[in-house]
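**Q** based on what follows, work out the 3D shape:
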Amino acid sequence: MKWIILIFSLVVCPSLSGQDSRPDWSTRTFSASADRIFDAALASIASQHYEVQQKSPAEKAVRFRVGRSAFSWGYVMVLKVFPAENNTSSVAIDVDRLRGPGSNGRASLVAGGKKEVTKLFDGIEKELSNGATISK
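**A** Predicted coordinates:
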């Protein structure tokens, strides 16, 4: 039993602490409702031709895959919209690099996801350009 607790604490706890810290470039606040931001995010994802794997309008979250090429297995990204005060909403995008085939598959080293995240935020801004203001 002690071994199970030790293994759990060594494997799960460090991964949980890593989820709390996102790079600054992976979050942005928009001046619009969470529903409107979520719709704009879905439109941005579609315009980039990314593969939606799962979406939850109730949780304002979408999981999608990007960047698959001859040089990379790509990424899985999870976009989440958080409602805030004064009709603003925050968007956070977590990036998880996929591993290559086989038991020794390594994480893609081609890119870190920053370019794709920036493109998504630009797409959200474009969708909201009909009157909503954005704060960075």
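**Q** hey, let's count contacts and neighbours off CA atoms from now on
**A** Will do.
**Q** am I right that residue 39 is in a strand?
**A** No: counting by DSSP: H, G, I helix; E, B strand; the rest coil, residue 39 is not found in a strand; it is helix.
**Q** could you check how many residues crowd around it?
**A** 16 (other C-alpha atoms under 10 Å).
**Q** and the pLDDT for it?
**A** Residue 39 carries a pLDDT value of 96.
**Q** which residues touch it?
**A** Neighbour list for residue 39: empty [criterion: C-alpha atoms under 8 Å, 6 or more residues apart in numbering].
**Q** try 10 Å
**A** Neighbouring residues of residue 39 by C-alpha atoms under 10 Å, 6 or more residues apart in numbering: 45, 57, 60, 124, 127-128.
**Q** now residue 117
**A** Counting by C-alpha under 10 Å, 6+ apart, residue 117 has contacts 25-27, 77, 79, 92-95, 123.
**Q** report how many residues lie close to the closest residue in space to residue 25 that isn't next to it in sequence.
**A** Once flanking residues are discounted, residue 25 sits nearest to residue 114: 6.9 Å by C-alpha to C-alpha, 6 or more residues apart in numbering. Residue 114 has 14 neighbours, counted by other C-alpha under 10 Å.
**Q** give me the pLDDT for residue 114.
**A** Per the predicted model, pLDDT is 88 at residue 114.
**Q** again, but for residue 136
**A** The model's pLDDT for residue 136 equals 46.
**Q** now residue 21
**A** pLDDT at residue 21 comes out at 77.
**Q** can you give me the buried ones in stretch 63-71?
**A** Neighbour-count burial for stretch 63-71, counted by 16 or more other C-alpha atoms under 10 Å, picks out 63-67.
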